[in-house]
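*Asks:* all I have is the shape, not the residue letters:
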């Protein structure tokens, strides 16, 4: 309803059709942002808990994607495939979890992702909550000033994400060992890690920044036939970017959960051979 | 088979107005514009509605139907339940003139602000030869029928009147993208102008423009985001910027 005591803007601006409702949509426009909000908040709660838990992230040869690469001396034995270059970091006497040292990169990649931006601008910030549903904010400057201008740094997180994808693929390959370190074995955990790495590669490869870097920035496709061909493939993947974003997010959480359960002894990692 | 349907149509002008209930006959296969015309012919002789082709190609009959920006000529009455009241209002992002007709001149002003196609100065008429793959991206944007539904649904101006002076809107971002991706367009600062003068940075890519486009142009994925990435190339990527200085090019070969 119009609040006559306030300055009228947006759909209530002077000169526009005098309609008192914020929206006249009759469908369940609130359902999509409500679902998005619920799933993302559940992920944030779980990821925060796991990042601070600082245990049950390694069960030879499986390592949780939340803790890989494990770069701190605080890592459990055998988990640091790249060594421990950062030593151990303490703040106010508290030992920092190794997960906190690396989660900024995947977190930054997803936070600045063009798809997730749509998702959380709608569901968390309600800007707007849905199409043709008036947003509650009095002013709006978009991504033109701090902090949202930092969204333009998406490509740097994309590059960092590629490095992490390589490392998580390495983790999946290592999972073809048995707990004694012998190659040629395969367990449920191997499949879980392989699928995790594959989904993360698909999420990265379908990214808008990837599409731009591969060939989108060109003016003359005909002068760069290989880049054009690659661009067409990435463009096809790009159609499914939202799907890859959700599936890879859920699966990375499940992968961590699986490793946690194995590491804590709650379940046994079944070996096929 | 004919049936009676219930409509709520907004009647009024810039100073006053209200939703008025009306019942009207609708025949099988008819669209919302058909029943509006029947209301006009039988019950509201002075009902103002803008229309032209009735084929979804002129972009004239843009309005909001049950709160969604749509073309009345492309919206089937059968989409709605028999007992449902269909609410029809003018576009809510623009000043209303009368009833369902709005003043969309904002868009024409913005169109004039977009720098025109700038071919090479020495290009002779008829001399240019291009391959299909070099122009197909721009061709998608040429499907635009200028119905301005994308402009209407964009919350940057729909919800913030004050942004109209600094924001061109999705329809003109696809125009800018069309030109910037054109192999023969030589205007060097088009990306910079898109960001600094046409308000590209104000878009927060919530994709409503894409959702309402009757031509199914992938406005956000194929125009706005690529333009945002091109702006990053020249403004927020020091490595690209340095490369362009060393190699004396703008990264647009």
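*Replies:* Received the coordinates, thanks. Note that the structure is predicted; figures quoted are calculated from it, not measured.
*Asks:* for the stretch 151-253 of chain B, which segments count as helices?
*Replies:* Remark: helices of the stretch 151-253 of chain B, listed N- to C-terminal, are B:155-158, B:170-180, B:190-196, B:208-212, B:225-235, B:238-247; assignment by DSSP state H, counting those that start in this stretch.
*Asks:* compare the ones you listed and give me the one nearest residue B:76.
*Replies:* Ranking the helices of the stretch 151-253 of chain B by their distance to residue B:76 (criterion: Cβ to Cβ) puts helix B:208-212 first, at 16.3 Å. The way it works is simple: take the backbone N, C-alpha and C, and place the C-beta from them, glycine included.
*Asks:* burial measure for residue A:59, as a count.
*Replies:* Using other Cβ atoms under 10 Å in any protein chain shown as the criterion, residue A:59 is surrounded by 23 other residues.
*Asks:* what sits opposite it in the beta ladder?
*Replies:* Each beta-bridge partner of residue A:59 is listed here, defined by DSSP bridges: residue A:62.
*Asks:* tell me the contacts of it?
*Replies:* With contacts taken as Cβ atoms under 8 Å, 6 or more residues apart in numbering or on different chains, residue A:59 has the following neighbours: A:179, A:189, A:259, A:262, A:263, A:269.
*Asks:* which helix or strand contains the residue nearest to residue A:23 when sequence neighbours are not counted?
*Replies:* Leaving aside its chain neighbours, residue A:23 sits nearest to residue A:133 (4.2 Å; criterion: Cβ to Cβ, 6 or more residues apart in numbering or on different chains). Using DSSP states H and E, residue A:133 sits in no helix or strand.
*Asks:* read off the pLDDT value for residue A:133.
*Replies:* Looking at residue A:133, its pLDDT reads 97.
*Asks:* any idea which of the helices of the stretch 151-253 of chain B is most buried?
*Replies:* Among the helices of the stretch 151-253 of chain B, helix B:155-158 has the highest mean neighbour count (mean count of other Cβ atoms under 10 Å in any protein chain shown), at a mean of 28.
*Asks:* ok, residues contacting that one?
*Replies:* Outside helix B:155-158, the residues that touch it by Cβ under 8 Å, 6+ apart are A:10-11, A:127-128, A:132, A:134-135, A:140, A:142, B:92-93, B:106, B:151-152, B:163-164, B:167, B:169, B:199, B:202-204, B:206, B:208.
*Asks:* return a PyMOL selection command for the buried portion of those.
*Replies:* Those of the contacts of helix B:155-158 that count as buried under 16 or more other Cβ atoms under 10 Å in any protein chain shown are selected in PyMOL with:
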select buried, (chain A and resi 10+11+127+128+132+134+135+140+142) or (chain B and resi 92+93+106+151+152+163+164+167+169+199+202+203+204+206+208)
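*Asks:* circling back to that earlier point, show me which pair in the contacts of residue A:59 is furthest apart.
*Replies:* Across these, no pair lies farther apart than A:179 and A:259, at 13.2 Å, counting by Cβ to Cβ.
*Asks:* looking at those two, which is more packed in?
*Replies:* For residue A:179 and residue A:259, the more surrounded residue by other Cβ under 10 Å is residue A:259, and the numbers stand at 29 against 13.
*Asks:* for the more buried one, what are its contacts?
*Replies:* Per Cβ under 8 Å, 6+ apart, neighbours of residue A:259: A:56, A:57, A:58, A:59, A:62, A:63, A:64, A:189, A:192.
*Asks:* and which of these is nearest to residue A:15?
*Replies:* Proximity of the contacts of residue A:259 to residue A:15 (Cβ to Cβ) peaks at residue A:64, which lies at 57.3 Å.
*Asks:* number of nearby residues for that closest one?
*Replies:* Around residue A:64 there are 26 other residues, counting by other Cβ under 10 Å.
*Asks:* where are the low-confidence patches of the chain?
*Replies:* Answering for chain A, as no chain was given. Across chain A, residues meeting the criterion (pLDDT under 70) sit at A:1-7.
*Asks:* oops, wrong one, chain B.
*Replies:* Low-confidence segments of chain B, defined by pLDDT under 70, are located at B:247-253.
*Asks:* per-domain residue ranges of it.
*Replies:* Per automatic domain parsing, the structural domains of chain B span B:3-102, B:105-247.
*Asks:* could I get those as TSV with distance to residue A:155?
*Replies:* TSV is the format used below for the domains of chain B (distance: least, Cβ to Cβ, whole Å):
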stretch	distance to residue A:155
domain B:3-102	33
domain B:105-247	6
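*Asks:* ok, which of those domains comes nearest residue A:230?
*Replies:* domain B:105-247 (13.1 Å).
*Asks:* what does the stretch 51-200 of chain B put close to chain A?
*Replies:* Along the stretch 51-200 of chain B, the residues adjacent to chain A under the rule Cβ under 8 Å from any Cβ of the partner chain are B:64, B:66-69, B:84, B:87, B:89-90, B:92-96, B:102, B:130-131, B:133-134, B:152-153, B:155-156, B:158-163, B:181-183, B:185, B:199.
*Asks:* next, count neighbours for residue B:132.
*Replies:* Other residues lying near residue B:132 total 9 when counted by other Cβ under 10 Å.
*Asks:* so where do the strands sit in the chain?
*Replies:* Using chain A. A:58-59, A:62-63, A:90-91, A:94-95 (DSSP state E).
*Asks:* chain B was what I was after
*Replies:* Listed in chain order, the strands of chain B (DSSP E) span residues B:3-12, B:17-26, B:62-65, B:68-71, B:85-89, B:96-98, B:101-102.
*Asks:* if we can go back for a sec, most tightly surrounded among the strands of chain A?
*Replies:* Each of these was assessed for mean neighbour count using mean count of other Cβ under 10 Å. The highest is strand A:62-63, with a mean of 30.
*Asks:* tell me how far that strand is from the chain's mean position?
*Replies:* With Cα atoms, centre = their mean, to the nearest Å as the basis, strand A:62-63 stands 20 Å off its chain's centre.
*Asks:* next: stretch B:140-153.
*Replies:* On the basis of Cα atoms, centre = their mean, stretch B:140-153 is displaced by 3 Å from the centre of the chain it belongs to.
*Asks:* quick check: buried residues in that stretch?
*Replies:* With the criterion 16+ other Cβ under 10 Å, stretch B:140-153 contains buried residues B:140, B:141, B:144, B:145, B:146, B:147, B:148, B:149, B:150, B:151, B:152, B:153.
*Asks:* near chain B, which residues of the stretch 151-273 of chain A are found?
*Replies:* Proximity of the stretch 151-273 of chain A to chain B, by Cβ under 8 Å from any Cβ, involves residues A:152-155, A:208-209, A:211-212, A:216-224, A:228, A:238.
*Asks:* just the buried subset of those residues, written out for PyMOL, thanks.
*Replies:* For the buried members of these, the matching PyMOL selection, counting by 16+ other Cβ under 10 Å, is:
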select buried, chain A and resi 152+154+155+208+209+211+212+216+217+218+219+221+228+238
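*Asks:* tell me which parts of the stretch 1-150 of chain A are close to chain B?
*Replies:* Neighbours of chain B within the stretch 1-150 of chain A, by Cβ under 8 Å from any Cβ: A:9-11, A:13-19, A:23-27, A:114, A:117-118, A:121-122, A:127-128, A:131-135, A:137, A:139-144, A:148-149.
*Asks:* in ChimeraX, how would I select the buried members of the residues you listed?
*Replies:* Written as a ChimeraX command, the selection of buried residues from the residues of the stretch 1-150 of chain A next to chain B, which uses 16+ other Cβ under 10 Å, is:
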select /A:9,10,11,13,16,17,18,19,23,24,25,114,117,118,121,122,127,128,131,132,133,134,135,140,141,142,143,144,148
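*Asks:* narrow the residues of the stretch 1-150 of chain A next to chain B to those in helices?
*Replies:* Using DSSP state H to define helices, the subset of the residues of the stretch 1-150 of chain A next to chain B located there is A:114, A:117, A:118, A:121, A:122.
*Asks:* ok, now which ones touch the second one?
*Replies:* Going by Cβ under 8 Å, 6+ apart, residue A:117 touches A:151, B:204, B:205.
*Asks:* out of those, which is nearest to residue A:234?
*Replies:* Distances from residue A:234 to the contacts of residue A:117, taken as Cβ to Cβ, are shortest for residue B:205 (18.2 Å).
*Asks:* against residue A:157, how distant is that closest one?
*Replies:* Residue B:205 sits 16 Å away from residue A:157, going by Cβ to Cβ, to the nearest Å.
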